[in-house]
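fold the following for me, if possible:
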Amino acid sequence: MIAVLSELERQQEVSLAVEMFRVIQKQDWYTPDVYVYKDLIIALARCKKLDETMELWENMRKEGLFPDSQTYAEVIRGFLADGSPADAMNIFEDMKKSPDPPEELPFRILLKGLLPHPLLRNRVKQDFGEIFPDQHVYDPPEEIFGLR
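Numbers count the residues shown, from 1 in each chain. This is a model prediction of the structure:
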């Protein structure tokens, strides 16, 4: 039998994991680990705890660590699902400054999520074209999404 966690149980587990991480950070033997940050940030973003997500994001950056493409994608997705395209764009701008070259996935998530925001979408689309000149951006007909 597969146990399925309720939304509340999942949020409680994520909160407990973040609390444990903060205790660990205070230990003398603690060393920053990008993978621990990644897992916690993605879990917080999926639970729509975006303030906590960004707090951990800032802590990670202060420790000299940079998110990977999946982390960028999940945080962008979280902000778009929350109805915060401006915050998603801030993460996008951060991604473009990362020392690692961006991957397509965060761009595609942002392009899809910004369909109701054509000015922002066009800016992302232009950057996508410059970074991935051989790739195509699908522009769906406006009537499919009820955009006018």
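
can you pull the contacts of residue 125?
Residues in contact with residue 125 (C-beta atoms under 8 Å, 6 or more residues apart in numbering) are 111, 137. Where you see a C-beta, it was placed from the backbone N, CA and C, and this is true even at glycine.

mind checking how far it is from residue 114?
Distance from residue 125 to residue 114, counting by C-beta to C-beta, to the nearest Å: 9 Å.

other SSEs contacting the longest helix along the chain?
If you go by DSSP state H, the chain has its longest helix at helix 7-25. For helix 7-25, the elements it packs on are helix 34-46, judged by 3 or more C-beta pairs under 8 Å, 6 or more residues apart in numbering; DSSP states H and E.

what is the helix it packs on packed up against?
helix 7-25, helix 50-62, helix 69-81.

any chance of these in JSON lines, plus mean neighbour count and distance to residue 109?
As requested, the helices and strands packed on helix 34-46 are exported to JSON lines (neighbours: other C-beta atoms under 10 Å; distance: least, C-beta to C-beta, whole Å):
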{"stretch": "helix 7-25", "mean neighbour count": "13", "distance to residue 109": "21"}
{"stretch": "helix 50-62", "mean neighbour count": "17", "distance to residue 109": "15"}
{"stretch": "helix 69-81", "mean neighbour count": "22", "distance to residue 109": "5"}
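
least trustworthy helix or strand in the chain by mean pLDDT?
Counting by mean pLDDT, DSSP states H and E, the chain has its least confident helix or strand at helix 142-145, which shows a mean of 53.

tell me which residue is most central in the chain.
Taking C-alpha atoms, centre = their mean as the criterion, residue 75 is the residue nearest the geometric centre of the chain, at 1.6 Å.

wait, isn't that one in contact with residue 90?
No: applying C-beta atoms under 8 Å as the test, residue 75 and residue 90 come out as separate, 9.8 Å apart.
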